[in-house]
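Enquirer: with the sequence up front, the predicted model follows.
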Amino acid sequence: MKHLILIISALVMTQLFNGCGSPGKDLKNGVWRGTLKTDSLAEIPFNFEVSDSAGHKLIYIINGQEKLKVDEISLVNDSINIRLPLFDSEIKAGIEGSTLNGSWVRHLADKDVSMPFNAEHGVNWRFFKANENTKFNVGGRWSTLFISPDGKDTTVAVGEFVQDKTKITGTFLTTTGDYRFLEGSVSDDKLFLSTFDGSHAFLFTANILSDSTLAEGKFYAGASSVENWTAERDNKALLPDAYSITSLKKGLHKIEFKFDDLHGKPVSLKDDRFRNKVVIVQFLGSWCPNCMDETAYLAPFYKKYKERGVEVVGLAYERTPDVEKGRKNVGALQKRFDITYPLLLTGYTNKEVLKSIPALDSFNAFPTTIIIDKKGVVRKIHTGFSGPGTGTHYVDFTKEFEKQIDGLLAE
C-alpha cells in the first residue's frame, strides 16, 4: 500500500509539472540562415551552424573563413536566448518548428537597440538559393569611397575581394581598421556582401557597371545607418601609413598613466615589471571587434616574447563609466582569449582617451597601439588593426611588427 501511494504521488507530480507549460522545443542541429532587418527593411543575412557538445548546444556564426563560437545558449519551453560573446548583445527568439522569430538586442551604455531576427533551418545559402549567373569578376583590389547621406563626410577605403564563381569573400580596409570577414555573392550585375559578429551587422550592395567600376553602392550598418559608396578597380590602391596617423604632442617623447587592473590593483608604467623592458600599450574596448582581432594576436605574442623582455598592458575604454560593468565585460575578454598581460580599467569612456593620456596629440581609432623602448621612449604609434579578414595584410603586419620588436630588444 505504501509503494502504491508513492507511485500515485509521483504520477500526480509528473502531471502537475507537465501542466505548467507546453513541452520544450529543441533547437535543431545543422546549418541555419539568419536575417536581421534594418529600419529601411533591408535584410542582413548570415549563416550559423548548431551542434551538440557535452550535453549543451553550441553555435558557430559563419562569415567567410571565420567561425565565431557561441556557447551561452539557454532553452526554456519554446523560447531561446543566445548570448553573443564579448559584445553585450543577445538574440531572443521563439522556436516554431524549423524557424526562429525574435530580435537581436544590443545593450549599449544608455539604451538597448534591437533589430528583428528570423532564421530558417536547413538553408546553407546566404543571398541566393542557387548559383546565379554573372559575367563579372570583382576579385582584386578596389579604391573605395564611402559617403554620408548628406555628402559632407567621406571615408577612403580599400576593398579586397576573392571571387570563386559567384561566391565572394573579402573586406574593406580603412585607416582605422577593417570591416572584418565579409561574405556574399555576385549576381548578374549586382554585388552583395554581409557580416554579423555579435557587435556589427553590415550589408553592402552595389551595381557592377564593368569589371573596373562599382556604383550606386549602399552600406547598411545596424538598424538605421545607411551610407553611399563607389569603387574603382586599382591594384595599387594604398591607405596612409598606420604608423603616421597618431602622434604625441610636440616636444613630448613619453606617456604616463596609473589605472587599476581587474583586481583593483593600481598599475603604472613606473612599476618594476616595465623597467628596462620593451612595452606595448594597447588601447582597446570590449565593444570593439577590431580590438578582438588584435587581442587574439597579442595574447599568444606576449607568451612568446615575455621571457625575452617584452611587456604588454591593455588600457580598456568602455562605453560606460560604470566600473563594475566594465570589469565584467573586460573580464570576459580576458577569459575568452586567455590574456596573461594586465588589463586596466581606465575609468574613461571610449570618447575620453585624450583626457586620460594628455601627452597624445590626437586619437583616431580603437585599437591603437603604442610601442615603447627600454628607456621609456615612445618609438611608434600604430592606429587601427588589420585582422585575419584582410589576408596578406594581416600576415605582413605581424611579420613587420615582430621585426620591430626584435630590433628594440637588440638595442
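Expert: Nice, thanks for sending it over.

Enquirer: phi, psi of the residue nearest to the spatial centre of the chain?
Expert: Centroid-nearest residue in the chain, with C-alpha atoms, centre = their mean: residue 289, separated by 2.5 Å. Note on residue 289: its backbone torsions stand at phi -60, psi -40 [degrees, to the nearest 10].

Enquirer: can you tell me, leaving aside adjacent residues, what's nearest to it?
Expert: Using C-beta to C-beta, 6 or more residues apart in numbering and skipping residues adjacent in sequence, the residue nearest residue 289 is residue 199, 5.1 Å away. (Glycine included, C-beta is placed from N, CA and C.)

Enquirer: residues near the one you found, how many?
Expert: 20 (other C-beta atoms under 10 Å).

Enquirer: then residue 162?
Expert: Per other C-beta under 10 Å, the neighbour tally for residue 162 reads 13.

Enquirer: wait, it touches residue 168, no?
Expert: Yes - Residue 162 is in contact with residue 168 according to C-beta atoms under 8 Å; the separation is 7.0 Å.

Enquirer: what sits in contact with each of the two?
Expert: residue 139 (C-beta atoms under 8 Å, 6 or more residues apart in numbering).

Enquirer: packing partners for the regular element (helix or strand) spanning residue 207?
Expert: Per DSSP states H and E, residue 207 falls inside strand 201-210. Applying 3 or more C-beta pairs under 8 Å, 6 or more residues apart in numbering; DSSP states H and E, we find strand 201-210 packed against strand 43-53, strand 182-187, strand 190-196, strand 213-221, strand 225-233.

Enquirer: which SSE is the nearest residue to residue 344 once chain neighbours are set aside in?
Expert: Leaving aside its chain neighbours, residue 344 sits nearest to residue 259 (3.9 Å; criterion: C-beta to C-beta, 6+ apart). Element membership of residue 259 [criterion: DSSP H and E] is strand 258-261.

Enquirer: name every strand pairing with that strand and say which way it goes.
Expert: As defined by DSSP bridges, the strand partners of strand 258-261 come to strand 266-268 (antiparallel), strand 343-349 (antiparallel).

Enquirer: dump those to CSV, plus distance to residue 109, mean neighbour count and mean pLDDT.
Expert: Output for the strands paired with strand 258-261, formatted as CSV (distance: least, C-beta to C-beta, whole Å; neighbours: other C-beta atoms under 10 Å; pLDDT from 0 to 100):
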stretch, distance to residue 109, mean neighbour count, mean pLDDT
strand 266-268, 25, 14, 98
strand 343-349, 8, 20, 96
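
Enquirer: quick one, which of the ones you listed is nearest to residue 362?
Expert: Nearest to residue 362, of all those, is strand 343-349, at 15.8 Å by C-beta to C-beta.

Enquirer: next SSE downstream of the closest one?
Expert: helix 353-356.

Enquirer: what are the buried residues along the strand holding residue 207?
Expert: Using 16 or more other C-beta atoms under 10 Å as the test for burial, strand 201-210 gives 201, 202, 203, 204, 205, 206, 208.

Enquirer: check contacts around the first one.
Expert: Meaning residue 201. Taking C-beta under 8 Å, 6+ apart, one finds 36, 44, 104, 115, 194, 195, 221, 222 in contact with residue 201.

Enquirer: cool, the last one as well?
Expert: Taking C-beta under 8 Å, 6+ apart as the criterion, residue 208 is in contact with 136, 138, 186, 189, 190, 191, 214.

Enquirer: of those, which is the nearest to residue 305?
Expert: Using C-beta to C-beta, residue 138 is the member of those that lies nearest residue 305, at 39.3 Å.

Enquirer: quick check: phi and psi on that closest one?
Expert: Phi and psi for residue 138, reported as degrees, to the nearest 10, are phi -100, psi 10.

Enquirer: for it, list the residues it contacts.
Expert: For residue 138, the contact set (C-beta under 8 Å, 6+ apart) comprises 161, 163, 168, 186, 191, 208, 211, 214.

Enquirer: again, only using 6 Å
Expert: By C-beta atoms under 6 Å, 6 or more residues apart in numbering, residue 138 lies in contact with 161, 163.

Enquirer: what about the longest helix in this protein?
Expert: Secondary structure of the chain read by DSSP state H shows that its longest helix is helix 392-410.

Enquirer: hmm, who's touching that one?
Expert: With C-beta under 6 Å, 6+ apart as the test, helix 392-410 has contacts from 278, 308, 309, 373, 386, 387, 388.

Enquirer: okay if I get the residues you listed as TSV plus secondary structure and distance to residue 156?
Expert: Output for the contacts of helix 392-410, formatted as TSV (DSSP: H, G, I helix; E, B strand; the rest coil; distance: C-beta to C-beta, whole Å):
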residue	secondary structure	distance to residue 156
278	strand	32
308	helix	38
309	coil	38
373	coil	32
386	coil	15
387	coil	19
388	helix	22
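
Enquirer: what about burial for those residues, which qualify?
Expert: Buried by 16+ other C-beta under 10 Å: 278, 373, 386, 387, 388, out of the contacts of helix 392-410.

Enquirer: thought the second one was touching residue 310?
Expert: No - with contact defined as C-beta atoms under 6 Å, residue 373 and residue 310 do not form a contacting pair (11.1 Å).

Enquirer: how about residue 86, what does it touch?
Expert: Applying C-beta under 6 Å, 6+ apart, we find residue 86 in contact with 286, 332, 333.

Enquirer: from the residues you listed, which is closest to residue 321?
Expert: Closest to residue 321 out of the contacts of residue 86 is residue 286 (14.1 Å), distances taken as C-beta to C-beta.

Enquirer: count of neighbours near residue 270?
Expert: For residue 270, the neighbour count with other C-beta under 10 Å is 11.

Enquirer: which residues does it contact?
Expert: Per C-beta under 6 Å, 6+ apart, neighbours of residue 270: none.

Enquirer: gap between it and residue 278?
Expert: 16 Å (C-beta to C-beta, to the nearest Å).

Enquirer: what does residue 94 give?
Expert: Taken as C-beta to C-beta, the span from residue 94 to residue 278 is 53 Å.

Enquirer: and if you look at residue 81?
Expert: The gap separating residue 81 from residue 278 is 44 Å, by C-beta to C-beta.

Enquirer: ok, residue 375 next?
Expert: Applying C-beta to C-beta, the value for residue 375 to residue 278 is 10 Å.

Enquirer: one more: residue 198?
Expert: As judged by C-beta to C-beta, residue 198 and residue 278 stand 33 Å apart.
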